[in-house]
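take this sequence and fold it.
(one chain, ligands or ions: 1)
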Amino acid sequence: MSDRLDFSGRNLYELDSYSVSEIGTIFETAKVMKQIIKRDYKKIPTLRGKTIATLFFEESTRTRISFELAAKRLSADVISFSSSGSSVKKGESLQDTVYTLNAMGIDLYIVRHNCPGVPQLVHKYSQKPVLNAGDGTHAHPTQALLDMFSIWEKRGTLKGLKVTIIGDILHSRVVRSNLIGMKKMGAEVTVCAPRTLMPPKVEEVYVAKCEYDLQKAVEGADVIMALRMQLERQAEGLFPCLGEYAKRYGLSKEVLKYAKDDVLIMHPGPMNRGVEILPEVADSEHSIIIEQVTNGVAVRMALLFLILGGKSNKSNATS
Ligand code: CP
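Residues are numbered from 1 along each chain as shown. Here you go, the predicted model:
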């Protein structure tokens, strides 16, 4: 395990505020956590007595369940808040919602909202550590951490790997966090999309290679990540129809021929099978999509452990 870095009380809004060695420590800790969740008895007492609240103002399957499971595996109490079914529906503000929850003794907040910056506001109102579980089109740092951990676990490093990310680059918070994290960890990232789904100046802003041709984008790739085609974008006229998108940008076995023989296929989920990825690829021997989900629990356990549980020390994690 790396040096004993102090993560105590830290927020996680985006990966730009975490160093290479801190991300390395998160990976090493997640590796230990993964051993724990593979045991018959999957729980450790590290966060006994701590209370964690998940505040979700937007839908989620993976992130929410994964965070809640991670907290429970560490023996924390978990309060699960959704805007639907809460007093937010009666007009209660974000500020009053956080004051109310804080009065009940929450130690850490996990926040998803369609508005960028809400995690920072929750920290301002609560003065407790906040982890961003996705804020609008801005950032999804724990998704990027679990994506990077999944590659690191298979290849031992991200340095020098060619990673190609295909899909709705313009609206994706997953790609933004991954671009920051992967570049930081030394990967060479290429983004590929139709012109209408590519942000302006992507090469300048993210120092990523930009390709509009799928075949060129995947040439020699070590890793290919397909992103969810946000179906609601079709109504905005950003591409002609899903069939056309699937034909030009969908990941098929034919496309994989241009990548490395041992290419890893990833997707953050939820998937639109037959649109951005064909089942023959999603379910192939190259796919680590299901393992990404398992790794999500391990990475989130690592973060909760490091931020609330104390030092990045392997023996603490296993006891
Ligand atoms: N990857 C992801 O954020 O999935 P959910 O929307 O299901 O949480």
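
alpha carbons only for contacts and neighbour counts from here, please
OK.

what is the burial count for the closest residue to the ligand within the stretch 101-250 of the chain?
Residue nearest to the ligand within the stretch 101-250 of the chain (C-alpha to the nearest ligand atom): Q143, separated by 6.3 Å. Number of residues near Q143 (other C-alpha atoms under 10 Å) recorded here: 28.

what's the closest non-adjacent residue to it?
Spatial nearest neighbour of Q143, excluding adjacent residues (C-alpha to C-alpha, 6 or more residues apart in numbering): V174 at 6.6 Å.

now name the helix or strand holding the one you found.
Assigned by DSSP states H and E, V174 belongs to helix 173-184.

what's the following helix or strand after that helix?
Counting by DSSP H and E, the next helix or strand C-terminal to helix 173-184 is strand 188-192.

ok, and what's touching that next one?
159-167, 169, 179, 182-183, 198, 208-214, 217 (C-alpha atoms under 8 Å, 6 or more residues apart in numbering).

what's the span of stretch 67-80, first residue to last?
10 Å (C-alpha to C-alpha, to the nearest Å).

buried ones in it, by neighbour count?
By 16 or more other C-alpha atoms under 10 Å, the buried positions in stretch 67-80 come out as 67-78.

go ahead and confirm the residue nearest to Q143 touches A139.
Yes - at 6.4 Å, V174 counts as touching A139 under the criterion of C-alpha atoms under 8 Å.

okay, these two: which has more neighbours?
Applying other C-alpha under 10 Å to V174 and A139 shows that A139 carries more neighbours, namely 25 against 22.

where does the more buried one land on pLDDT?
pLDDT, A139: 98.

next up, the contacts around the closest residue to it other than its chain neighbours.
Leaving aside its sequence neighbours, A139 sits nearest to R173 (C-alpha to C-alpha, 6+ apart; 4.4 Å). Contact analysis of R173 by C-alpha under 8 Å, 6+ apart lists 134-140.

also V163?
With contact taken as C-alpha under 8 Å, 6+ apart, V163 is in contact with 187-190, 221-225.

dump these into CSV; add pLDDT as well.
Listed next are the contacts of V163 as CSV, based on pLDDT from 0 to 100:
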residue, pLDDT
A187, 98
E188, 97
V189, 97
T190, 97
A221, 98
D222, 98
V223, 98
I224, 98
M225, 98
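
now render those as JSON lines, adding neighbour count.
Converted to JSON lines, the contacts of V163 look like this (neighbours: other C-alpha atoms under 10 Å):
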{"residue": "A187", "neighbour count": "19"}
{"residue": "E188", "neighbour count": "21"}
{"residue": "V189", "neighbour count": "25"}
{"residue": "T190", "neighbour count": "22"}
{"residue": "A221", "neighbour count": "23"}
{"residue": "D222", "neighbour count": "22"}
{"residue": "V223", "neighbour count": "22"}
{"residue": "I224", "neighbour count": "26"}
{"residue": "M225", "neighbour count": "22"}
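
and which of the buried residues of stretch 67-80 is nearest to P268?
F67 (15.1 Å; C-alpha to C-alpha).

find the nearest non-adjacent residue to that closest one, please.
Counting by C-alpha to C-alpha, 6+ apart, R300 is the residue found nearest to F67 once chain neighbours are left out, at 6.0 Å.

ok but that neighbour is inside a helix, no?
Yes - looking at R300 with DSSP: H, G, I helix; E, B strand; the rest coil, it is inside a helix.

and it, how far is that from I79?
Counting by C-alpha to C-alpha, the gap from R300 to I79 is 16 Å.

please apply the same query to T196.
For T196 relative to I79 (C-alpha to C-alpha), the value is 40 Å.

quick check: P45 touching K72?
No - with contact defined as C-alpha under 8 Å, P45 does not reach K72; the gap is 9.5 Å.

show me which residues of this protein sit near the ligand.
Contacts of the chain with the ligand, taken as C-alpha under 6 Å from any ligand atom, map to 60-64, 268-270.

among those residues, which ones are buried?
Among the residues of the chain next to the ligand, those classed as buried by 16+ other C-alpha under 10 Å are 62-64, 268-269.

mind pulling up the pLDDT for the nearest residue to D16 once chain neighbours are set aside?
The shortest distance from D16 to any non-neighbouring residue, by C-alpha to C-alpha, 6+ apart, is to I180 (6.5 Å). Note for I180: predicted pLDDT of 96.

I180: what's it in contact with?
The contact partners of I180, by C-alpha under 8 Å, 6+ apart, come to 15-16, 206.

any weak-confidence spans in the stretch 151-300 of the chain?
Across the stretch 151-300 of the chain, the ranges flagged by pLDDT under 70 are 234.

and the closest residue to P279 other than its chain neighbours, bridged to which residues?
In space, and not counting its chain neighbours, P279 is closest to R273: 6.0 Å by C-alpha to C-alpha, 6+ apart. R273 has these beta-bridge partners by DSSP bridges: I277.

what about R273, neighbour count?
16.

look up how far C192 lies from it.
19 Å.

same question for D222.
15 Å.
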